[in-house]
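Asks: Below are the sequence and a predicted model; questions follow.
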Amino acid sequence: MRIAMIGTGYVGLVSGACFSDFGHQVVCVDKDVRKVQLLEKNVMPIFEPGLAELVANNVRAGRLSFTTDLAEGVRNADAVFIAVGTPSRRGDGHADLSYVFAAAREIAESITKPCVIVTKSTVPVGTGDEVERILKEFSLLKQGVTVVSNPEFLREGAAIEDFKRPDRVVVGTDDEAARDIMREIYRPLSLNQSAPLLFTSRRTSELIKYAANAFLAVKITFINEIADLCEAVGADVQEVSRGIGLDKRIGSKFLHAGPGYGGSCFPKDTLALLKTAGDVEVPQRIVEATVQVNEARKRAMGRKVIKALGGDAHGKNVALLGLTFKPNTDDMRDAPSLAIVAALQDAGANVRAYDPEGMAHAEALVQNVAFHPNPYAAAENADAIVIVTEWDEFRALDLPRLAAGSRSALLVDLRNIYPVGEAERAGFKLVGVGKPRAVVDQSVS
Ligand code: UDX
């Protein structure tokens with residue numbers, strides 16, 4: 001199959017590289033000249049484990065190329081994927097579809113033969129119909145061009161693995177010829193494993209993506225509130241998670257309590273779902289509550305640190321370990337660390353930080369934060385050390401060294417990486433999330 005991928009953001013670049021690795025002929029198109037030049041030199045615009053190597057291998061094999069010329073990329077394609085950004089529109093929270101429609105228009109101008117146009121970007125229900133309307137203006141529908149929805153479920157940091165070993169692939173179209181093309185594109189998956197290709201209508205497929213992300217956001221937020229309850233009643237949220245997650249109807253994933261979800265998808269997609277629901281006057285109260293609870297939680301984590309400091313953070317040094325919204329990414333979008341920094345600085349604390357990949361982006365988003373080259377430098381003379389993101393390198397910290405270099409040997413572990421015994425043996429007082437405080441206090445005394 002000949003595939004054109006419009007947009008080389010997270011989803012576009014990973015999907016394009018993986019499709020070429022499946023054996024398809026892929027051209028990735030992006031308007032950004034500099035980005036394309038760098039990609040041609042195998043410089044990735046994002047940090048994603050394994051991506052540079054995957055891209056290099058497939059470029060070398062002659063299956064993957066990059067261009068700024070959309071018309072050239074689209075001309076011979078059997079499938080044109082739209083994977084441009086759909087950010088939250090400033091002011092109203094609706095998904096901004098201007099990039100999608102602009103791409104659709106340009107594609108329509110360049111198409112020379114029957115093909116499928118596939119929206120891979122996360123787009124609100126009904127966007128496929130709008131794209132179809134654009135094609136109609138160019139009289140393309142009669143010429144065998146169809147519009148298909150094929151949402152992407154990959155996670156940053158595990159993107160290639162998720163793309164190649166998905167739980168399912170959702171394809172929204174009622175057109176039989178389009179289904180055949182999509183079946184062919186994803187055929188290598190069914191040879192490797194039994195990931196089902198789920199065919200639905202286009203609108204259903206568009207909604208599945210939002211419903212999936214909203215459900216996961218609800219699941220995380222649910223366990224975060226249970227964590228608060230655990231702290232109040234002296235229970236342990238990690239054991240609660242295990243205890244409920246073993247029930248197959250619930251499932252063990254996305255039940256890790258923490259500082260609240262961030263990133264480029266959950267915050268934006270929950271808001272967009274609420275907007276769609278508002279437009280048709282079908283309130284989604286559970287998702288609404290989730291958005292509010294999660295938003296409040298991020299700053300509340302700053303207050304949690306202040307409480308651990310004895311209620312007064314004025315003039316205290318607080319070292320944050322991890323700034324990105326999750327590990328294995330340099331992405332700082334909607335990261336809980338941003339709200340935590342703000343809450344701590346508002347309370348008069350001096351904030352210092354270390355993150356393995358996120359510091360360059362973080363520097364542009366926060367002020368008066370001292371960045372350090374490693375966790376130990378960040379934690380020097382700290383009154384509190386806060387684990388914000390569960391990077392692997394924080395799982396094997398030299399805790400005695402960290403405690404010795406700090407001022408108060410107080411560890412606030414917002415990801416529950418460290419068992420209380422281990423932290424205490426190293427000389428730390430440990431405060432986790434959803435951990436039985438009474439037991440911690442007893443064992444300290
Ligand atoms: C998410 C979805 O998983 C993916 O299917 C969708 O396509 C895009 O959005 P991503 O944003 O890359 O992917 O990250 P994910 O691993 O899902 O984590 C999202 C946020 O939830 C992070 O801030 C993470 O720390 C948080 N999280 C996740 C928890 O707090 N607890 C959990 O148990 C899981």
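Replies: Right, received. Where do you want to start? Please read all numbers here as calculations on a predicted model, not as lab measurements.

Asks: and Ala360, what is it in contact with?
Replies: Taking C-beta atoms under 8 Å, 6 or more residues apart in numbering, we find Ala360 in contact with Asp330. Yep, even glycine has a C-beta here, placed from its N, CA and C like the rest.

Asks: If you count neighbours, what's buried in the helix or strand harbouring it?
Replies: When elements are assigned from DSSP states H and E, Ala360 belongs to helix 359-363. Using 16 or more other C-beta atoms under 10 Å as the test for burial, helix 359-363 gives Met359, His361, Ala362.

Asks: what about that helix, average pLDDT?
Replies: In this model, helix 359-363 has an average pLDDT of 96.

Asks: residues from the stretch 201-350 of the chain in reach of the ligand?
Replies: Contact residues (C-beta under 6 Å from any ligand atom) of the stretch 201-350 of the chain with the ligand: 213, 216, 220, 254-256, 258, 261-263, 265-266, 325-326.

Asks: top of those by neighbour count?
Replies: Within those, neighbour counts (other C-beta atoms under 10 Å) peak at Phe325, which reaches 28 neighbours.

Asks: mind checking the backbone torsions on His256?
Replies: For His256, the backbone dihedrals (degrees, to the nearest 10) come out as phi -90, psi 120.

Asks: ok, so what distance separates it from Leu135?
Replies: The spacing between His256 and Leu135, counted by C-beta to C-beta, to the nearest Å, is 43 Å.

Asks: immediately after the helix holding Ala360, which helix or strand?
Replies: For helix 359-363, the succeeding helix or strand toward the C-terminus, using DSSP H and E, is strand 369-371.

Asks: Check the buried residues of helix 359-363 one by one and keep those near the ligand.
Replies: Among the buried residues of helix 359-363, no residue sits close to the ligand (C-beta under 6 Å from any ligand atom).

Asks: Save the residues you listed as CSV, and put in distance to Glu288 too.
Replies: What follows is the buried residues of helix 359-363, written out as CSV (distance: C-beta to C-beta, whole Å):
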residue, distance to Glu288
Met359, 34
His361, 30
Ala362, 30
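
Asks: just curious, which of those is nearest to Leu13?
Replies: The nearest member of these to Leu13, counting by C-beta to C-beta, is His361 at 17.4 Å.

Asks: Spit out the contact partners of the nearest residue to that closest one once chain neighbours are set aside.
Replies: Ranked by C-beta to C-beta, 6 or more residues apart in numbering and with sequence neighbours excluded, the top spatial neighbour of His361 is Met332, at 4.4 Å. Contacts for Met332 (C-beta under 8 Å, 6+ apart) come out as Leu323, Thr324, Phe325, Leu338, Gly358, His361, Ala362, Leu365.

Asks: try Asn368
Replies: Gln345, Val351.

Asks: Check what pLDDT it gets.
Replies: We have a pLDDT of 97 for Asn368.

Asks: returning to what we had before: just say helix, strand or coil for the residue nearest to His361.
Replies: Taken by DSSP: H, G, I helix; E, B strand; the rest coil, the conformation at Met332 corresponds to coil.

Asks: Distance of it relative to Ala339?
Replies: For Met332, the distance to Ala339 (C-beta to C-beta) stands at 12 Å.

Asks: so what does the host helix or strand of Ser65 touch, helix or strand wise?
Replies: Per DSSP H and E, Ser65 falls inside strand 64-67. Counting contacts by 3 or more C-beta pairs under 8 Å, 6 or more residues apart in numbering; DSSP states H and E, strand 64-67 packs against helix 10-21, strand 25-29, helix 33-40, helix 51-60.

Asks: To Val431, which of these lies closest?
Replies: helix 10-21 (33.8 Å).

Asks: could you check the angle helix 33-40 makes with the closest one?
Replies: Angle of helix 10-21 versus helix 33-40, following axes from the mean of the first three to the mean of the last three C-alpha atoms, to 10 degrees, is 40 degrees.

Asks: which helices and strands does helix 10-21 pack with?
Replies: Packing partners of helix 10-21 (3+ C-beta pairs under 8 Å, 6+ apart): strand 2-6, strand 25-29, helix 51-60, strand 64-67, strand 79-82, helix 159-164.

Asks: Report the angle between it and strand 2-6.
Replies: Using the same axes, to 10 degrees, helix 10-21 lies at 170 degrees relative to strand 2-6.

Asks: re earlier: quick one, which of the helices and strands packed on strand 64-67 is nearest to the ligand?
Replies: With C-beta to the nearest ligand atom as the measure, helix 10-21 is the member of these nearest the ligand (7.9 Å).

Asks: Output that closest one as PDB, nothing but the C-alphas.
Replies: C-alpha atoms of helix 10-21 as PDB (Å, rounded to 0.1, in the frame of the first residue of the first chain):
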ATOM      1  CA  TYR A  10       3.500  12.300  17.800                       C
ATOM      2  CA  VAL A  11       0.700  10.300  16.200                       C
ATOM      3  CA  GLY A  12       1.700  11.100  12.600                       C
ATOM      4  CA  LEU A  13       5.400  10.300  12.900                       C
ATOM      5  CA  VAL A  14       4.900   7.200  15.000                       C
ATOM      6  CA  SER A  15       2.100   5.900  12.700                       C
ATOM      7  CA  GLY A  16       4.100   6.700   9.500                       C
ATOM      8  CA  ALA A  17       7.200   5.000  10.800                       C
ATOM      9  CA  CYS A  18       5.300   1.900  12.000                       C
ATOM     10  CA  PHE A  19       3.300   1.600   8.700                       C
ATOM     11  CA  SER A  20       6.500   1.700   6.800                       C
ATOM     12  CA  ASP A  21       7.900  -1.000   9.200                       C
END
